[in-house]
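*Asks:* here are the coordinates; sequence isn't available:
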């Protein structure tokens, strides 16, 4: 009988499972501030293909590849004789029309006087008024024709729209330029920016950032973040300005920044079901029991930003055996 009771007690004690043994460390001893980076490129504020706006032969080219030019400099001159002749013709027509106006104006004034005296009918007065009004309209149209001809003659000279460097020359001396035909490529060197594509939620907007290329570092500051997430790459485009020295246009490298929020290693993250949904988070020990807290925006295999008290006891060893709300034995 005594041996039978011993067997029962021993069997019952084997059914009751002991609390899992775990190890804990304070959050302050586990967090760190990771360094992030993303591909980036120095982008020119303006990189324009300067094109012809009319059809004419190229007579002079005043800039070559590599030349620095100023805004307003004449870069390419076209044969403008045809357009200058058209402008002169339009001006001559305007002079002829203006010469007719004094006579028609006098005739209209005399007609009004005669009409008041009853010596001229209303129809004749209206004819004089219509003739003067028609002439004024023709003069106005002719002024617009002269404006168009003047614009054409101005377009005979291709000028630099901004300060920059000639990066390519497509124009050939003696060739016939056509509207829309690229003649020179002009790149603006001042005001260059850095463009980077960064995964959302990386905290780059709140961090100190710099650009690394060819072993050099250039400090930058955020100018704009596009409110658009690329559906394929899952990245957002950021634009930065250089605060000190600007590297060469087209330089590629890495945008680098250090997180301002403490992060914890992805190895300590566990997956638990919360309200029917699986979430990533941390297990910590409180009053000899395991507790789970979800970490917002945590991604599998990546360090996660945490916002918990520094003395929180995070379960490290044995975390996979610990169950939320159940007792644990801290080693």
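*Replies:* All right, it came through fine. Because the structure is a prediction, the values reported are computed rather than measured. Numbering: from 1, shown residues only.

*Asks:* Which is the succeeding secondary structure element to the longest strand seen in the chain?
*Replies:* Ordering each strand of the chain by length in residues (DSSP state E) puts strand 216-229 first. The helix or strand immediately downstream of strand 216-229 is strand 236-242, counting by DSSP states H and E.

*Asks:* buried residues in that following strand?
*Replies:* 236, 237, 238, 240, 242 (16 or more other Cβ atoms under 10 Å). Yep, even glycine has a C-beta here, placed from its N, CA and C like the rest.

*Asks:* Packing partners of it?
*Replies:* On a contact count with 3 or more Cβ pairs under 8 Å, 6 or more residues apart in numbering; DSSP states H and E, strand 236-242 meets strand 193-198, strand 209-213, strand 216-229.

*Asks:* Let me know the secondary structure of residue 28.
*Replies:* helix (DSSP: H, G, I helix; E, B strand; the rest coil).

*Asks:* State the number of residues packed around it.
*Replies:* Residue 28 is flanked by 11 other residues according to other Cβ atoms under 10 Å.

*Asks:* Distance check, it against residue 192.
*Replies:* Computed as Cβ to Cβ, to the nearest Å, the residue 28 to residue 192 distance reads 42 Å.

*Asks:* Show me the protein divided up by domain.
*Replies:* Using automatic domain parsing, the domain parsing of the chain gives 18-33+263-330, 35-45+191-258, 49-78+157-187, 81-154.

*Asks:* Now those in JSON lines, please, with extra columns for mean pLDDT.
*Replies:* Below are the domains of the chain laid out as JSON lines (pLDDT from 0 to 100):
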{"stretch": "domain 18-33+263-330", "mean pLDDT": "88"}
{"stretch": "domain 35-45+191-258", "mean pLDDT": "91"}
{"stretch": "domain 49-78+157-187", "mean pLDDT": "95"}
{"stretch": "domain 81-154", "mean pLDDT": "92"}
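
*Asks:* Could you name the helices and strands sitting against the helix or strand where residue 111 lies?
*Replies:* Under the criterion of DSSP H and E, residue 111 resides in helix 81-117. If you count contacts as 3+ Cβ pairs under 8 Å, 6+ apart, helix 81-117 packs onto helix 122-154.

*Asks:* list the buried ones in the next helix or strand after the helix it packs on?
*Replies:* Next helix or strand after helix 122-154 toward the C-terminus (DSSP H and E): strand 157-159. Using 16+ other Cβ under 10 Å as the test for burial, strand 157-159 gives residue 158.

*Asks:* Tell me how many other residues surround residue 151.
*Replies:* By other Cβ under 10 Å, the residues close to residue 151 number 13.

*Asks:* Could you report the distance from it to residue 325?
*Replies:* Distance of residue 151 to residue 325, given as Cβ to Cβ: 81 Å.

*Asks:* Would you enumerate the residues in contact with the nearest residue to residue 76 once chain neighbours are set aside?
*Replies:* Once flanking residues are discounted, residue 76 sits nearest to residue 158: 4.0 Å by Cβ to Cβ, 6 or more residues apart in numbering. When contacts are counted by Cβ atoms under 8 Å, 6 or more residues apart in numbering, residue 158 touches 50, 52, 74, 75, 76, 77, 78, 183, 184.

*Asks:* Could you check the angle the helix or strand hosting the fifth one makes with helix 122-154?
*Replies:* Right, the one you point to is residue 76. Per DSSP H and E, residue 76 falls inside strand 74-78. For strand 74-78 against helix 122-154, the angle by axes from the mean of the first three to the mean of the last three Cα atoms, to 10 degrees is 120 degrees.

*Asks:* what are the pairing partners of strand 74-78, and which direction each?
*Replies:* Sheet pairing of strand 74-78 (DSSP bridges) gives strand 56-61 (antiparallel), strand 157-159 (antiparallel).
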